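**Student:** No sequence on hand, only this structure:
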């Protein structure tokens, strides 16, 4: 047993060891330390001290970063999650993610609207799988009307976002009644759980197996009650799985969900927006304001400075390479491009001067996903420095200092990066 434990520990240490490769082809694994004018790598038996001139590559383990986001970015949905209104609502629905909880709001449908009406927060689900969440709270907006049955919150699996989309919905309404609904085109069916949940709280689960979707309810998230199974003639391989809330008329219904679990979809918090420089460097660091002169980062490393004239794009969402070049303007969440001159970004609002529409303001990242300021024209420099969070600096030179690295990065100043921030340092070509 001792021998097995020792082998496992050694393998674990090796898997997480720092790596240093030299210009003459040697490779060292161990623990890397940055010293004044040198880099050391220490293993269990040896220690090597090398000048930066002999270094070809340094690779360090990834570490979680406690980003300090500006107030206007708090509540951003996890990576891969999106939200949309289904049907025409009196007022747009909202969705945010805060301290592990999804918080959704929705009003009712507009007058004379007959189709379904709700706000949907979703993530792709490919193949079989399940979505589970605890409905922790539902605030009813129709208290003055007493029409609690018209307000609902719960889970959904949808093939699309139109009235004819095939979907399965498991919800609790404002009276505590739980209903499993099946929609196929314009037809459908419903099954309800006898009785009511008095406190409007509980665990919900939708499970897909082939062409069958089952709905479950649980008081504690451990013992599950099967509410029903629904058979479909056809289901696409990929569905949209997520949370829904439905309001009544102009009243707002608010639902809070906790402990969400979706097959093959971890809740990963978003990285900071990417400031892509004209020379190809990328600064993935939270910022408060971007005006016509400079980017104002939040608690940046010493020496990091970026002027707006050197910015090619500001990305809240990655832009396909084929669309990265072109006119200045804003890519919107609906895929449309609005041509215009970037004037600034503050408190989550992008200001754009459009030649056809005049001065426009758009929410970021709600409406504006990518701001294009100029053309990116990557420049080959001797070093590339990659940081935690995927900041990537094209560097003219680097200098080890005690506990970190000083980087001479054209268009980004001379930032001093602590070792905990570094992920990879590499030469762009073998040293001759």
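**Tutor:** Cool, got the structure. Fair warning: this is a prediction, and the values are worked out from it, not measured in the lab.
**Student:** For the closest residue to residue 77 other than its chain neighbours, grab the count of nearby residues.
**Tutor:** Nearest residue to residue 77, sequence neighbours excluded (Cβ to Cβ, 6 or more residues apart in numbering): residue 97, at 5.1 Å. Quick note: C-beta positions are derived from backbone N, CA and C, even for glycine. Residues lying near residue 97 (other Cβ atoms under 10 Å) number 20.
**Student:** do residue 345 as well
**Tutor:** Residue 345 is flanked by 25 other residues according to other Cβ under 10 Å.
**Student:** what sits against it?
**Tutor:** Contact analysis of residue 345 by Cβ atoms under 8 Å, 6 or more residues apart in numbering lists 289, 290, 314, 351, 364, 371.
**Student:** same question, residue 91
**Tutor:** 107, 250, 252.
**Student:** Dead centre of the chain: give me the residue that sits there.
**Tutor:** Centroid-nearest residue in the chain, with Cα atoms, centre = their mean: residue 79, separated by 2.3 Å.
**Student:** Wait, a strand at that one?
**Tutor:** No: assessed with DSSP: H, G, I helix; E, B strand; the rest coil, residue 79 is coil; it does not lie in a strand.
**Student:** ok, it to residue 313 distance?
**Tutor:** Distance from residue 79 to residue 313, counting by Cβ to Cβ, to the nearest Å: 19 Å.
**Student:** before we move on, what about residue 199?
**Tutor:** 48 Å.
**Student:** got the contact list for the closest residue in space to residue 158 that isn't next to it in sequence?
**Tutor:** Ranked by Cβ to Cβ, 6+ apart and with sequence neighbours excluded, the top spatial neighbour of residue 158 is residue 167, at 4.1 Å. By Cβ under 8 Å, 6+ apart, the residues touching residue 167 are 156, 157, 158, 159, 182, 183.
**Student:** Return the set of residues that bridge with residue 345.
**Tutor:** Counting by DSSP bridges, residue 345 is bridged to residue 290, residue 350.
**Student:** Please enumerate the helices of the stretch 101-250 of the chain.
**Tutor:** Ranges of helices within the stretch 101-250 of the chain: none, based on DSSP state H, counting those that start in this stretch.
**Student:** so where's it uncertain?
**Tutor:** Scanning the stretch 101-250 of the chain with the threshold set as pLDDT under 70 gives 111-115, 142-147, 185-188.
**Student:** how much space is there between residue 62 and residue 398?
**Tutor:** 20 Å.
**Student:** Which one of these two is surrounded by more residues?
**Tutor:** Ranked by neighbour count (other Cβ under 10 Å), residue 62 and residue 398 place residue 398 first, with 22 against 11.
**Student:** Quick check, that one in contact with residue 404.
**Tutor:** No: judged on Cβ atoms under 8 Å, residue 398 makes no contact with residue 404 at a distance of 10.5 Å.
**Student:** What number of residues are in the vicinity of the residue lying closest to residue 191 once chain neighbours are set aside?
**Tutor:** Once flanking residues are discounted, residue 191 sits nearest to residue 228: 4.1 Å by Cβ to Cβ, 6+ apart. For residue 228, the neighbour count with other Cβ under 10 Å is 17.
**Student:** let's have the chain start at 88 instead
**Tutor:** Let's use 88 as the start, then, which means that last one is residue 315.
**Student:** Bridged to residue 485, which residues?
**Tutor:** For residue 485, the residues forming beta bridges with it (DSSP bridges) are residue 494.
**Student:** Is residue 152 within a helix or a strand, and which one?
**Tutor:** Residue 152 belongs to no helix or strand when assigned by DSSP states H and E.
**Student:** Next, the contact list for it, please.
**Tutor:** By Cβ under 8 Å, 6+ apart, the contact set of residue 152 is 475, 476.
**Student:** partner residues bridging residue 428?
**Tutor:** Here residue 428 shows beta-bridge partners residue 440, assigned using DSSP bridges.
**Student:** Hmm, it is touching residue 440, no?
**Tutor:** Yes: taking contacts as Cβ under 8 Å, residue 428 lies within contact range of residue 440: 4.4 Å.
**Student:** how far away is residue 301 from residue 319?
**Tutor:** Per Cβ to Cβ, residue 301 is found 12 Å from residue 319.
**Student:** actually residue 438, not the one I wrote
**Tutor:** 47 Å.
**Student:** Present the contacts of residue 432 as JSON lines; the columns should include distance to residue 306, pLDDT and neighbour count.
**Tutor:** Below are the contacts of residue 432 laid out as JSON lines (distance: Cβ to Cβ, whole Å; pLDDT from 0 to 100; neighbours: other Cβ atoms under 10 Å):
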{"residue": "376", "distance to residue 306": "48", "pLDDT": "93", "neighbour count": "14"}
{"residue": "377", "distance to residue 306": "49", "pLDDT": "95", "neighbour count": "25"}
{"residue": "401", "distance to residue 306": "46", "pLDDT": "94", "neighbour count": "25"}
{"residue": "438", "distance to residue 306": "50", "pLDDT": "94", "neighbour count": "17"}
{"residue": "451", "distance to residue 306": "41", "pLDDT": "83", "neighbour count": "23"}
{"residue": "458", "distance to residue 306": "48", "pLDDT": "93", "neighbour count": "26"}
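**Student:** I appreciate the help and will end here.
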